[in-house]
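Participant: This is a predicted model, with the sequence first.
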Amino acid sequence: MDLSLTDYRSKLITKILFSYSQQEVVRYIDTALKSLDENKLNGHIISRFVDKMLSELDLFSPMDKDAQQWSNIKMARIRFKQVKKSMEAAFKS
């Protein structure tokens, strides 16, 4: 990967904020995670990426965003929590 993970998170958050639909948010997240996996990043690094995304998304306030952006943030948080849960289950196996 040419981008640092911090830059990658930043670009993904921008895409999430300016998505036109919740389906687009999920697609961006799934594509980003697939890309990390295809670049052979360790599962623990991907898990940390997910944790940091959740932390960064939690910093947003509904008062600072329009309705679509806030909806996108909520959808992204839901999707990352689903991913985290499935990763934790896979690590326990």
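Facilitator: Looks like it came in fine. The model shown is predicted, which means the values in this text are computed figures rather than measured ones. Numbering: from 1, shown residues only.
Participant: low-confidence ranges in this structure?
Facilitator: Applying pLDDT under 70 to the chain flags the ranges 1-2, 93.
Participant: Do a quick rundown of the strands in it.
Facilitator: Ranges of strands in the chain, per DSSP state E: none exist.
Participant: The lengthiest helix in the chain: which residues count as buried?
Facilitator: Using DSSP state H to define each element, the chain has its longest helix at helix 67-92. By 16 or more other Cβ atoms under 10 Å, the buried positions in helix 67-92 come out as Gln69, Trp70, Ser71, Asn72, Ile73, Met75, Ala76, Arg77, Arg79, Phe80, Val83, Met87. C-beta: built from backbone N, CA, C; applies to glycine.
Participant: That one packs against which elements?
Facilitator: helix 5-17, helix 22-38, helix 43-58 (3 or more Cβ pairs under 8 Å, 6 or more residues apart in numbering; DSSP states H and E).
Participant: Any idea how many residues pack against the residue lying closest to Leu3 once chain neighbours are set aside?
Facilitator: Once flanking residues are discounted, Leu3 sits nearest to Lys11: 7.2 Å by Cβ to Cβ, 6 or more residues apart in numbering. A count of nearby residues for Lys11, using other Cβ atoms under 10 Å, gives 13.
Participant: Tell me if I'm right that Lys11 and Ser4 touch.
Facilitator: No. Lys11 lies out of contact with Ser4 (Cβ atoms under 8 Å); the separation is 10.6 Å.
Participant: Alright, that wraps it up for me.
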